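>>> for reference, the sequence and a predicted model appear below.
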Amino acid sequence: DSLGAERREELMQNGFAGRRAFDELTWLLRPTTYFDLSDTLSLELGGSLASVPEQGRRWLYGVDLTLRHQPGTSRFYQGLVLGSEWIWNDEEFLDVDFDPDPLVEVLGDKRFARSGGYAYSEVFLGRRYSLGARYDYAEELAGPKAVQTSYSAFATWNPSEFHRLRLQVDEIHAPDLHDD
């Protein structure tokens, strides 16, 4: 109940003790489907839509896909996964002020349409080990369109079905900041 609306804690501090109406709740639609492309190849495809219908100040749209290859002639836990997700955020910010000086006049209501996403690849070397790479792209939600990107490489060890240890190295590029 906090997408495009006040959080419950903030409402409680302002004396709200009731319940929200249905048109004040966050609604999420998440269709997904799965296709067997061959005996060793499958595809998952999904989409997302989230909003608060009454206010309509924020709409989130997303699409994702995952392609899995599990060779039938090799050991059961070997294979390759390629995945990607992209999200679009269309949001209205009320009384936007981008200047850190509190004496600067407020710019008023502004609407920003921004997007971001990621893509990754992971190779499974057996039941417990995998190697992978990932790319991330994100635009600043409001204000001037600033883009942050990152590149990652990782190695994963699963000592059991309940534990996962991952060594990951990231390279981050962000405007007006030192790259990490």
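Yep, it's here.

>>> how much space separates the residue lying closest to Gln78 once chain neighbours are set aside from Asp64?
Spatially, and ignoring its direct neighbours in sequence, Gln78 is nearest to Phe124 (5.5 Å; CB to CB, 6 or more residues apart in numbering). For glycine as for every other residue, the C-beta is placed from the backbone atoms N, C-alpha and C. According to CB to CB, to the nearest Å, Phe124 stands 20 Å off from Asp64.

>>> more neighbours: which of those two?
Phe124 (23 against 18; other CB atoms under 10 Å).

>>> quick check: that one is in a strand.
Yes. Counting by DSSP: H, G, I helix; E, B strand; the rest coil, Phe124 falls inside a strand.

>>> so it bridges to which residues?
Gly79, Ser130 (DSSP bridges).

>>> so it sits against Pro71, correct?
No. Phe124 is not in contact with Pro71 according to CB atoms under 8 Å; the separation is 10.4 Å.

>>> anything in contact with each of those two?
Counting by CB atoms under 8 Å, 6 or more residues apart in numbering, the common neighbours of Phe124 and Pro71 are Gln78, Gly79.

>>> what average pLDDT does the helix or strand harbouring Gln168 get?
Taking DSSP states H and E as the criterion, Gln168 maps to strand 163-173. Rounded to a whole number, the mean pLDDT of strand 163-173 is 94.

>>> which strands or helices does it pack on?
strand 147-160 (3 or more CB pairs under 8 Å, 6 or more residues apart in numbering; DSSP states H and E).

>>> in the sheet, which strands lie alongside the strand it packs on, parallel or antiparallel?
Paired strands of strand 147-160, defined by DSSP bridges, are strand 129-139 (antiparallel), strand 163-173 (antiparallel).

>>> the ones you listed into JSON lines, with extra columns for distance to Gly47 and mean neighbour count?
Shown next, in JSON lines, are the strands paired with strand 147-160 (distance: least, CB to CB, whole Å; neighbours: other CB atoms under 10 Å):
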{"stretch": "strand 129-139", "distance to Gly47": "19", "mean neighbour count": "16"}
{"stretch": "strand 163-173", "distance to Gly47": "28", "mean neighbour count": "11"}
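
>>> the helix or strand hosting Thr66 - contacts with which helices or strands?
Assignment of secondary structure by DSSP H and E places Thr66 within strand 58-69. Other elements packing on strand 58-69 under the criterion 3+ CB pairs under 8 Å, 6+ apart are strand 41-51, strand 78-93.
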